[in-house]
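Undergrad: Turn this into a model:
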Amino acid sequence: MRVLVVTAVPRMVGILAWFPRALQSIMAQQWDGTLELFVPVGGKLQGTRYDRVTAKYEQARRVALDGGFDAVWFAEYDMVMPQDALSRLTAIDTDIAYGLYVWRRPPHLWSAYTYLDENTGVSLSHTPRHARAAWGTQIEVEGVGHGCTLVRRPALENIAFRREGVACADWFMALDAREKGYRQVCDLGVVCGHMSLTPSPRTFWPDVTMPGLARIEIEKLPEDLTA
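TA: Presented below is the predicted three-dimensional model:
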């Protein structure tokens, strides 16, 4: 399988947002083939940050289709992924395969959503008993997120990245995938860390041993983070 690795990187008033640990987790993937990366950086500061990343994802979709790729793996610039993330996601017989991470804002819900509509969603972690029982397994979901997500070519051919509400393109891709009948699966064994600089450098992890099903790892980032 030929996979295009897509890592969209924002630029904020001349400062490049970059997390070396996340980049290292992409480069360290246990993958037999060549890792072919597409890294759109910066761009015109038009619209919201969600508008800008949506445009980058749509650009990546066109690059993948025109380049004959079998799938796109979205590996975001602030995501720490296990070394077998890509191999595990490509092994799943599904149109869209998700790794698991948590949102950075409290209450740090899991990215595996069992229900989604235009305005609201229900995370698996809303029901801790079910979340703990499913830990490490693969479950069908309705989304959501592009932190660590593999999208195969049939879905890429029929789902353009768009925004028609307050959420980002990942939310509407999940809705479109459901509408068009594409299967979505989350591997709850592909556990990813979500990095943040606020209120101080830290990484948020899904963790069924914690009362809120998430834990915080304090980070010490290199001085050249914004180089």
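Undergrad: Every contact and neighbour count from this point should use C-alpha atoms.
TA: Fine.
Undergrad: Show me what the helix or strand where residue 173 lies is packed against.
TA: Here residue 173 is covered by helix 169-180, with elements defined by DSSP states H and E. Judged by 3 or more CA pairs under 8 Å, 6 or more residues apart in numbering; DSSP states H and E, helix 169-180 is in contact with helix 49-66.
Undergrad: the helices in this structure, which residues?
TA: 20-27, 49-66, 85-90, 128-134, 153-158, 169-180 (DSSP state H).
Undergrad: Tell me which of the ones you listed sits nearest to residue 73.
TA: In terms of CA to CA, the element of those nearest to residue 73 is helix 85-90, at 7.5 Å.
Undergrad: in the closest one, what's buried?
TA: By neighbour count on 16 or more other CA atoms under 10 Å, the buried set for helix 85-90 is 85, 86, 88, 89, 90.
Undergrad: again with stretch 41-57
TA: Quick answer for stretch 41-57 (16+ other CA under 10 Å): 42, 50, 51, 52, 53, 54, 55, 56, 57.
Undergrad: swap in stretch 109-127?
TA: Result for stretch 109-127 [16+ other CA under 10 Å]: buried residues 109, 110, 111, 112, 113, 114, 116, 122, 123, 124, 125, 126.
Undergrad: Tabulate those (CSV), appending distance to residue 217 and pLDDT.
TA: Formatted as CSV, those follow (distance: CA to CA, whole Å; pLDDT from 0 to 100):
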residue, distance to residue 217, pLDDT
109, 16, 98
110, 16, 98
111, 18, 98
112, 21, 98
113, 24, 98
114, 27, 97
116, 29, 96
122, 25, 98
123, 22, 98
124, 22, 98
125, 19, 98
126, 22, 97
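Undergrad: Which of the helices and strands in this protein ranks last by mean pLDDT?
TA: Here the helix or strand of the chain ranked lowest by mean pLDDT, DSSP states H and E is strand 15-16, holding a mean of 64.
Undergrad: Dump stretch 162-174 to PDB, restricted to CA.
TA: What follows is stretch 162-174, C-alpha atoms only, in PDB (Å, rounded to 0.1, in the frame of the first residue of the first chain):
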ATOM      1  CA  ARG A 162     -15.300  21.200   3.900                       C
ATOM      2  CA  ARG A 163     -16.700  23.300   6.800                       C
ATOM      3  CA  GLU A 164     -20.300  24.300   7.200                       C
ATOM      4  CA  GLY A 165     -20.400  25.000  10.900                       C
ATOM      5  CA  VAL A 166     -18.200  25.800  13.900                       C
ATOM      6  CA  ALA A 167     -16.300  22.500  13.900                       C
ATOM      7  CA  CYS A 168     -13.300  21.700  11.700                       C
ATOM      8  CA  ALA A 169     -13.100  19.600   8.600                       C
ATOM      9  CA  ASP A 170     -12.600  16.300  10.500                       C
ATOM     10  CA  TRP A 171     -16.100  16.600  12.000                       C
ATOM     11  CA  PHE A 172     -17.800  17.100   8.600                       C
ATOM     12  CA  MET A 173     -15.700  14.400   7.000                       C
ATOM     13  CA  ALA A 174     -17.000  11.900   9.600                       C
END
